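**Student:** just coords:
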């Protein structure tokens, strides 16, 4: 919300009041309360006929402080509210001649005394941001509606990231961002997954604790500030600090919830029927058998909307015209080793038999007069299920439970963004706060049902909408992209922003959702898709099986699917880091290399986990520009070495791209490339890259449940490699760009990417 008219004036119709100074304070447990009148109060008589802001400073967790600002306190507070984790934090509150100090471990808030209102935030004694005079405000708009606003300073060269899965530029400076979920595709400023949390390149985060619309002006109204505002009488935000951007993300997800671990099989290839294509069991078998015949490992088959009869989405009944015996069909597919995913949404079209059930029992969101809220977008006479009604939840989940009993493993929880506000909820929730929050109820209900039926670590969704806390219910995908290179690039930007917003897992429609994918684009998007955390072919009017795009597309799909499956030990290790630390599997370069200023604006390449750099190709001629951080990096596919701190422009065929291994790293390959679930510690191949003198590296190996099973430690000193392994009886060590002079009781084997040695004992020393 912009209310300024240049640097000095206020827009017509707006009234703005600012806290003038802190008049007095009060403490309560670990909370410091500030009373800040709108005019400078020099004597008691000036306390009459004037407003005041009350500011509470509190600490939910270590190195996080909350700032709650309110004007009138006595308003109703209907839900919903984000679920936050808190604990008792020991804080210090001091008073000096010039300021009040509130200290939570390494984070200090300094509140100015004197004639002006000023909040300064320090981390380890370094000023990170501040709320300057006339930064905090109580605003009444032209419709006489109240808002509370805050402005935090931006430093010179400071960049802002995050705010959900956004398709606009990766660096948010200069943008207006409204946190309001909408179904707008991937090519506009609208977003399916709006998160009121941003990360700063200076190493801190800001989370605005409101499921209502939050309006951000990021260097777009006041160019040296980030401004955010909410309607109503109260605003609460948290300053989150850490020694790195990854640590800040970790603390943010401590507060709002850590990502859950998806099952190992979900990292394999998903194939969809596509959206509006004609299909029946014969079509499905043609796709599945075609993948098997072409030696392309397939893990999940997905049935999109038309598994149900048209006009009846949802009725949760198989269309008998196409699937006369669904139970037997599902059994035949599962006998081929497949998991099955089904499309659902939280809406019910009027033609569906479920509509009358829901209407008669009060399971739908209603208008103020008691009518069912309906419209004709998406489905004729569509109604929205009221997930605040426990009976409606039971009704909905009982339908899904029947499908799980039939053999379904996962649901694609589509939609959940176009939630009306002119409605009444069963539990009295505020419809404006429910607009963004609705998706949390929707995805949580479905995720927890799968977990209940299938067991822990077996639940996974393919969700489109999200809000704060949605990271607990993975996986999310990027929505309706078009089939062209700009849309492929905007999808990557969005995924990187999403990862900077606390979400650990992300996918996208390989080849683009809308029709018109060319063989060239299909192959390039396949490379990108199989080097994402989750990988799914999906389209709108077109099937997305690879042989429709030529023999080479089949070969490319096979090669990159098998590459990903062989990397499951590495991917599982990174997934464990995601759930424990709250960092995404697909990481922006600035998240991993924030000390390198060259990475701060990069949005066409990323790190897949800690040690693999991926630069997808967005051009028909196969050329790509990419940046390599410091050190000697090795192309995982070709063994070519790249000196870091430089940009490169190179051309690649469809079987190659910049997939670079980090120096001083270990990447572990499994012994299987035709399925996602296998023994990740048996007969593994351990690739060691550019290990420098004096370095020691360690890698853990986890099983498909995410449990530690083995590890290996390799150090280099005095021209020797010292190797110690736990629970690894036999493995192949591949020294990438290191030469062996002689070894001890080692068996030399051929390997086209480096010197390979089979090791059978626990500890070995190799001369290099």
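**Tutor:** Great, that's in hand. Every value quoted in this text rests on a predicted model; they were computed, and no experiment measured them. Numbering: from 1, shown residues only.
**Student:** now residue 127, what's its secondary structure?
**Tutor:** Secondary structure assignment for residue 127 (DSSP: H, G, I helix; E, B strand; the rest coil): strand.
**Student:** residue contacts, the residue nearest to it when sequence neighbours are not counted?
**Tutor:** In this structure, residue 127 finds its nearest non-sequential neighbour in residue 120, 6.0 Å apart by C-beta to C-beta, 6 or more residues apart in numbering. C-beta coordinates here come from the backbone N, C-alpha and C atoms, glycine included. Contacts for residue 120 (C-beta atoms under 8 Å, 6 or more residues apart in numbering) come out as 109, 110, 112, 127, 130.
**Student:** Kindly state the pLDDT recorded for residue 120?
**Tutor:** Note for residue 120: predicted pLDDT of 98.
**Student:** helices or strands up against the host helix or strand of residue 66?
**Tutor:** In the assignment (DSSP states H and E), residue 66 maps to strand 64-70. Strand 64-70 is packed against strand 52-61, strand 99-104, strand 107-112, strand 146-153, strand 234-241, with contacts defined by 3 or more C-beta pairs under 8 Å, 6 or more residues apart in numbering; DSSP states H and E.
**Student:** Determine which stretch of these is the most buried.
**Tutor:** For these, average neighbour numbers computed from mean count of other C-beta atoms under 10 Å are highest in strand 234-241, which has a mean of 23.
**Student:** Tell me what angle whichever helix or strand comes after that strand forms with strand 64-70.
**Tutor:** As assigned by DSSP H and E, the chain's next helix or strand after strand 234-241 is helix 245-256. Relative orientation of helix 245-256 versus strand 64-70 (axes from the mean of the first three to the mean of the last three C-alpha atoms, to 10 degrees): 60 degrees.
**Student:** Past helix 245-256, which element shows up next along the chain?
**Tutor:** Downstream of helix 245-256, the next assigned helix or strand under DSSP H and E is strand 269-272.
**Student:** how far out from the middle of the chain is that next one?
**Tutor:** 20 Å (C-alpha atoms, centre = their mean, to the nearest Å).
**Student:** So what touches it?
**Tutor:** By C-beta under 8 Å, 6+ apart, the surrounding residues in contact with strand 269-272 are 287-288, 291, 296-304, 341, 462, 530, 534-539, 544-545, 561, 564.
**Student:** of all the contacts of residue 120, which two lie farthest apart?
**Tutor:** The span of the contacts of residue 120, defined through C-beta to C-beta, is set by 112 and 127 at 13.0 Å.
**Student:** So for the most centrally placed residue in the chain, what's the nearest residue that isn't a sequence neighbour?
**Tutor:** Computing the C-alpha centroid of the chain and ranking residues by C-alpha atoms, centre = their mean puts residue 503 first, at 2.7 Å. Of all residues not flanking residue 503 in the chain, residue 471 sits nearest, at 4.5 Å (C-beta to C-beta, 6+ apart).
**Student:** How about residue 415?
**Tutor:** What sits nearest to residue 415 in space, not counting adjacent residues and going by C-beta to C-beta, 6+ apart, is residue 345, at 4.2 Å.
**Student:** what's the neighbour count on the one you found?
**Tutor:** Neighbour count for residue 345, taken as other C-beta atoms under 10 Å: 22.
**Student:** what residues are up against it?
**Tutor:** Per C-beta under 8 Å, 6+ apart, neighbours of residue 345: 313, 314, 413, 414, 415, 416.
**Student:** so which of the residues you listed is the most crowded?
**Tutor:** Using other C-beta under 10 Å as the neighbour test, those are led by residue 416, with 26 neighbours.
**Student:** surely that one meets residue 443?
**Tutor:** Yes: proximity of residue 416 to residue 443 meets the contact threshold set by C-beta atoms under 8 Å, at 7.4 Å.
**Student:** Can you check which residues contact both of those two?
**Tutor:** Residues touching both residue 416 and residue 443 (C-beta under 8 Å, 6+ apart): 463, 465.
**Student:** before we move on, the earlier item: okay, and which of the contacts of strand 269-272 map to strands?
**Tutor:** 300, 301, 302, 303, 341, 535, 536, 537 (DSSP state E).
**Student:** Mind picking the two most distant members of the residues you listed?
**Tutor:** 303 and 535 (17.7 Å).
**Student:** which parts of stretch 1-14 are buried?
**Tutor:** 1, 3, 4, 14 (16 or more other C-beta atoms under 10 Å).
**Student:** dump the residue contacts of the first one.
**Tutor:** When the contact criterion is C-beta under 8 Å, 6+ apart, the partners of residue 1 are 139, 141, 147, 149, 215, 217, 229.
**Student:** can you do 7 Å?
**Tutor:** For residue 1, the contact set (C-beta atoms under 7 Å, 6 or more residues apart in numbering) comprises 147, 215, 229.
**Student:** The second one bridge partners, please.
**Tutor:** The bridge-partner assignment for residue 215, based on DSSP bridges, gives residue 178, residue 229.
**Student:** Which pLDDT does the model give it?
**Tutor:** In this model, residue 215 is scored at 98, pLDDT.
**Student:** for the one 3 residues further on, same thing?
**Tutor:** Looking at residue 218, its pLDDT stands at 98.
**Student:** Looks like it contacts residue 175 (just checking).
**Tutor:** Yes: assessed by C-beta atoms under 7 Å, residue 218 is found in contact with residue 175 at 5.3 Å.
**Student:** ok, those two, which is more surrounded?
**Tutor:** Legend: neighbour count by other C-beta under 10 Å for residue 218 and residue 175, higher for residue 218 (22 against 17).
**Student:** Skipping adjacent residues, who's closest to the more buried one in space?
**Tutor:** Nearest residue to residue 218, sequence neighbours excluded (C-beta to C-beta, 6+ apart): residue 172, at 4.7 Å.
**Student:** For the stretch 651-768 of the chain, give me the ranges with low pLDDT.
**Tutor:** The stretch 651-768 of the chain contains residues with pLDDT under 70 at 739-750, 761-762, 768.
**Student:** quick one: buried residues of the helix or strand containing residue 488?
**Tutor:** Using DSSP H and E, the element containing residue 488 is helix 485-499. Buried residues in helix 485-499, counted by 16+ other C-beta under 10 Å: 485, 487-499.
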